[in-house]
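Student: Just need the structure, nothing else, for what follows:
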Amino acid sequence: MRLSARTKLVKPSATLAVTAEVARLRGSGVEVIDFGAGEPDFDTPQRIKDAAIRALAAGATKYTPVVGTKQVRDAVVAKLHRVNELDYAVEETMVSCGGKHALYNAFQVLFGDGDEVVLLAPFWVSYQDMLVLAGAKPMIVQAPASQGFKLTARQLGDALGPRTRGVVINSPSNPTGGAYQEHELRALAEVLVGYPDVAVIVDDVYEMLYFEGSRPAHILKMVPELRPRTVIVNSVSKTYAMTGWRLGYAAAPVDVIKAMATIQGQCTSNPTAIAQAAAAEALAGPQDELPPMVDEFRWRRDYVLQRFAKLHGVACVRPEGAFYAFPDVSGLFPLVWRDQPLGNANRVCEFLLAEARVALVAGDDFAAPNHIRMSYATSRENLALGFDAIERALATLS
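Tutor: Numbers count the residues shown, from 1 in each chain. Got it, this is the predicted structure:
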């Protein structure tokens with residue numbers, strides 16, 4: 001059967017490919033320590049699971065409006081007010097089948113053939129391919145490790161041009177853990193004010209996972225002039241350990257939400273009704289589980305940095321949020337494995353999976369080929385076992 005040309009424009013997700021390979025190895029009886037998956041190892045809080053059970057018992061098993069129930073959209077509105085000090089109407093919100101789905105919808109309605117969209121690299125693997133599917137041209141601007149993987153206002157200004165129609169801002173970042181401080185965000189926002197035709201996509205999926213000081217004000221709280229052309233995308237996946245529930249949400253001007261709803265209505269229709277009930281509880285209910293989770297991720301971050309510091313040939317910038325470390329492993333490239341130098345980050349990951357049984361993600365698809373992404377969303381025991389195995393494996397090379 002002949003496939004469309006569209007299928008040749010994109011490649012499989014690198015992160016999901018690692019997850020699939022780990023599952024394959026485990027299915028064949030091979031024990032693997034997974035540092036690849038961007039998924040909290042905590043269970044979904046019981047209060048949220050109970051809300052889903054109540055929804056099931058009440059018969060919430062039917063179609064809902066494409067944009068979601070009023071209950072879950074009210075919860076989104078309440079969350080935006082409580083956490084971000086932003087006031088949105090229910091009509092300016094919608095829910096989707098995960099944060100990725102919300103981003104896809106936004107890209108489809110905002111961008112078209114030849115539109116340039118600035119990506120602040122390193123970036124999450126799916127941004128680039130989703131933009132290509134929309135017909136847009138990703139304009140990649142590198143934020144080096146020396147800047148904490150954060151773009152400066154001057155770099156952003158230099159990247160914006162007459163064909164620029166959008167910019168994507170993700171903080172804290174997947175894959176680097178870099179997190180913009182308030183003055184850094186404000187500087188970027190003030191540059192964008194001067195480009196009224198540029199849409200701003202704010203990916204807030206990791207917004208609660210800040211480790212250094214207080215969480216900054218939202219970019220729209222600091223520079224509200226951007227609100228008429230900004231789409232906020234978020235999900236319950238990371239904050240509430242609800243990756244499998246597949247529930248994301250967006251807040252944007254009404255005309256953008258209506259257009260996104262049209263796309264979604266012809267694609268998936270509504271997200272699962274039961275997941276909507278659970279998400280409403282997650283967003284609007286008590287938030288007591290969040291501080292302990294952040295504290296645990298902060299401890300793991302510090303431990304990971306200590307272990308990376310002991311590895312010759314590896315340099316790691318201190319992550320400020322999320323649950324990722326993004327070390328530069330180019331110092332390992334000259335080491336010989338199977339009669340050849342490791343040579344690149346992909347082979348470093350291949351080596352560590354084969355010889356240490358530790359899964360990591362190479363940085364190529366994040367636009368950072370000298371790096372690998374490590375998720376420390378796993379237990380303290382696994383972190384220790386994994387680093388011990390990495391040290392033993394590297395000691396065999398010359």
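Student: Please report phi then psi for the residue nearest the centre of the chain.
Tutor: Using Cα atoms, centre = their mean, the residue of the chain that lies closest to the mean C-alpha position is Asn174, 4.6 Å off. Main-chain dihedrals, Asn174, degrees, to the nearest 10: phi -100, psi 110.
Student: got a pLDDT number for the residue of the chain positioned farthest from its centre?
Tutor: Of all residues in the chain, Asp339 has its C-alpha farthest from the mean position, at 36.8 Å, by Cα atoms, centre = their mean. On the pLDDT scale, Asp339 is placed at 94.
Student: Okay, it and Ser4: tell me how far apart.
Tutor: 41 Å (Cβ to Cβ, to the nearest Å). All C-beta spots, glycine's among them, are computed from the backbone N, C-alpha and C.
Student: so the residue nearest to the centre of the chain makes contact with Tyr324?
Tutor: Yes. Counting by Cβ atoms under 8 Å, Asn174 does reach Tyr324; the two are 6.1 Å apart.
Student: Could you tell me which residues touch both of the two?
Tutor: Counting by Cβ atoms under 8 Å, 6 or more residues apart in numbering, the residues touching both Asn174 and Tyr324 are Gly38.
Student: Where do the strands of this structure begin and end?
Tutor: 33-34, 93-96, 116-121, 137-142, 164-170, 199-203, 230-235, 248-251, 324-325, 336-337, 340-341, 358-359, 361-362, 372-375 (DSSP state E).
Student: shaky segments in the chain?
Tutor: The chain contains no residues with pLDDT under 70.
Student: Which parts of the protein are helices?
Tutor: 14-27, 46-57, 70-84, 99-110, 125-133, 153-159, 182-193, 219-222, 254-265, 273-284, 290-309, 345-351, 380-395 (DSSP state H).
Student: mind putting those in JSON lines, mean neighbour count and distance to Val202 included?
Tutor: JSON lines is the format used below for these (neighbours: other Cβ atoms under 10 Å; distance: least, Cβ to Cβ, whole Å):
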{"stretch": "helix 14-27", "mean neighbour count": "16", "distance to Val202": "21"}
{"stretch": "helix 46-57", "mean neighbour count": "16", "distance to Val202": "25"}
{"stretch": "helix 70-84", "mean neighbour count": "19", "distance to Val202": "10"}
{"stretch": "helix 99-110", "mean neighbour count": "24", "distance to Val202": "10"}
{"stretch": "helix 125-133", "mean neighbour count": "21", "distance to Val202": "13"}
{"stretch": "helix 153-159", "mean neighbour count": "15", "distance to Val202": "14"}
{"stretch": "helix 182-193", "mean neighbour count": "18", "distance to Val202": "10"}
{"stretch": "helix 219-222", "mean neighbour count": "19", "distance to Val202": "6"}
{"stretch": "helix 254-265", "mean neighbour count": "18", "distance to Val202": "13"}
{"stretch": "helix 273-284", "mean neighbour count": "24", "distance to Val202": "17"}
{"stretch": "helix 290-309", "mean neighbour count": "16", "distance to Val202": "20"}
{"stretch": "helix 345-351", "mean neighbour count": "21", "distance to Val202": "29"}
{"stretch": "helix 380-395", "mean neighbour count": "16", "distance to Val202": "31"}
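Student: and those as CSV, adding distance to Gly38?
Tutor: What follows is the helices of the chain, written out as CSV (distance: least, Cβ to Cβ, whole Å):
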stretch, distance to Gly38
helix 14-27, 6
helix 46-57, 20
helix 70-84, 21
helix 99-110, 11
helix 125-133, 10
helix 153-159, 26
helix 182-193, 23
helix 219-222, 23
helix 254-265, 24
helix 273-284, 18
helix 290-309, 12
helix 345-351, 15
helix 380-395, 15
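Student: and of those, who's closest to Leu209?
Tutor: Leu209 sits nearest to helix 290-309 of all the helices of the chain, at 6.1 Å, using Cβ to Cβ.
Student: for that closest one, packing partners?
Tutor: Judged by 3 or more Cβ pairs under 8 Å, 6 or more residues apart in numbering; DSSP states H and E, the packing partners of helix 290-309 are strand 324-325, helix 380-395.
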